Structures are given as structure tokens and as C-alpha cells.
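how would this look folded up:
(chains A and B)
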Amino acid sequence: MGAAFEQDISVVYLDDGVYQLKKDQDTTDSSIKNFSPTYRALASYGVEKLYVETESMEDRGLSEQDLIVPVKMISGAELTELMEQQDVILNY
Amino acid sequence: MLHTVNKSPYEKSSLDTCLRLAKQGSTILLIEDAVYAAITGSSLESKIRQASKRYEFCVLGPDLKARGLDEAKLIDGIRVVDYGGFVDLAVSHDRVQSWL
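This next block holds a predicted model:
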């Protein structure tokens, strides 16, 4: 949404949010729509700064190779600073 | 920065995440079911006491009252604010982050 207004967007996935980016999601047997491939389209909407918090990944036994899109891994301490740099923060 | 948290700490991890990531010196306002975190005698009390060295905690009075919680049972140092106080906090901080 922010990208539509040509804002400088960073997207951070943390806690269970990291599961959104898990690759190989397959909903064919559960008759619900699989939205995960749409994350690959983010770059074409100008959303290029994708971050994942390292601690959230480690807690869940995930590594960068488990994700559907390339991301930058950052620590909680780095995320604290990243949040301080933003004008507006929206949590989902 | 002002952080608001609205989920019970016994149901969701958003308060934990806020405490993990909020910068030292931030203000954390507990609203809705998050006010349960402000009460003494709970399993969370020591964690909140520890965190109150790094943050200023506030709690929304009407949300305590609505849940039958006694202000006298609040963990020391947690400040009760009313709706006007909530507005004052939002105005006096440069940004607000709502943990959901």
C-alpha cells in the first residue's frame, strides 16, 4: 500500500510473520488459496527492502534457504535501530 | 517513541516482542487486554518489574476498571492514564507504534 504512494518502504517479518515467507507452501489439498507466490512480486512494486529478524527465524528452526524471496537477516538490536529511523511504522 | 500494546500477554506474544525490540527510554502504554500485564501477583510481574528499569509503563485506567482490576494492585511505577492522558502521550512522543 505504501509503495503505491511512492514511499520509501521497508518490510520486516518477525515472530510468526516469518512463516509467511516459508517456501514450498502448497494448499492444493486444503482448498484454500496460496498467496505466498505473490511475495515474489513485491520487488516489481518497488518494495525491495525486505528484512527478517534472525532471532524469530532461529526460534522456529528456519534459515534463509527456507524462504521464498531473498531477504536481509537482521538482529533484534538492528531492528530496534531500523524502527527508530522510520517516520511511520505499521504493525500487522 | 510511544508503544501501545493491546493484547493479553497470556494469549499473544506481542508484549514480549515489544519488550524485546523497543528502544530503552521508550514509553509503553498498556491498553485493552494488555492491562492484565500490569497487575501484581502474576507470573509476569518480575518480567515487568525488570522491564520498568528500561521503559516508562503506563496503563489505561478505563480498561483496568472495565476488567474489574484494582489500581492498588498495579506493579509499582506503572502510571495510570485516562483517555485524555492517552492523547497527551500520543502528542508528546514523536511517533507511535501499535503492537497488534
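
State whether residue A:63 and residue A:54 are indeed in contact, as I suppose.
No. Residue A:63 is not in contact with residue A:54 according to C-beta atoms under 8 Å; the separation is 9.9 Å. Every C-beta, even on glycine, is put in place using the N, C-alpha and C of the backbone.

What residue, apart from its backbone neighbours, is nearest the residue nearest the centre of chain B spatially?
In chain B, the centroid-proximal residue (C-alpha atoms, centre = their mean) is residue B:30; its distance is 2.7 Å. Spatial nearest neighbour of residue B:30, excluding adjacent residues (C-beta to C-beta, 6 or more residues apart in numbering or on different chains): residue B:59 at 4.6 Å.

Give me the secondary structure label for that neighbour.
The three-state assignment at residue B:59 reads strand, by DSSP: H, G, I helix; E, B strand; the rest coil.

Any figure for the gap between the residue lying closest to residue A:13 once chain neighbours are set aside and residue A:18?
Of all residues not flanking residue A:13 in the chain, residue A:52 sits nearest, at 4.9 Å (C-beta to C-beta, 6+ apart). With the distance defined as C-beta to C-beta, to the nearest Å, residue A:52 ends up 6 Å from residue A:18.

Can you classify residue A:52 by secondary structure?
The three-state assignment at residue A:52 reads strand, by three-state DSSP.

Hmm, residue A:70 and it touching each other?
No. Under the criterion of C-beta under 8 Å, residue A:52 is not in contact with residue A:70, lying 10.2 Å apart.

Those two: who's more crowded?
Of the pair residue A:52 and residue A:70, residue A:52 is the one with more neighbours under other C-beta atoms under 10 Å in any protein chain shown, namely 23 against 10.

That one pairs with what?
residue A:13, residue A:73 (DSSP bridges).

wait, what's in contact with residue A:83?
By C-beta atoms under 8 Å, 6 or more residues apart in numbering or on different chains, the contact set of residue A:83 is A:89, B:1, B:21, B:23, B:97.

looking at this, it is in a helix?
Yes. Counting by three-state DSSP, residue A:83 is found in a helix.

Return the members of the contacts of residue A:83 classed as buried.
Buried members of those, counted by 16 or more other C-beta atoms under 10 Å in any protein chain shown: A:89, B:1, B:21, B:97.

Can you pick out the ones from the residues you listed that are in helices?
Members of the buried ones among the contacts of residue A:83 lying in helices (criterion: DSSP state H): residue B:21.

can you put the buried ones among the contacts of residue A:83 in a markdown table and add distance to residue A:43?
Output for those, formatted as a markdown table (distance: C-beta to C-beta, whole Å):
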| residue | distance to residue A:43 |
| --- | --- |
| A:89 | 22 |
| B:1 | 29 |
| B:21 | 26 |
| B:97 | 26 |
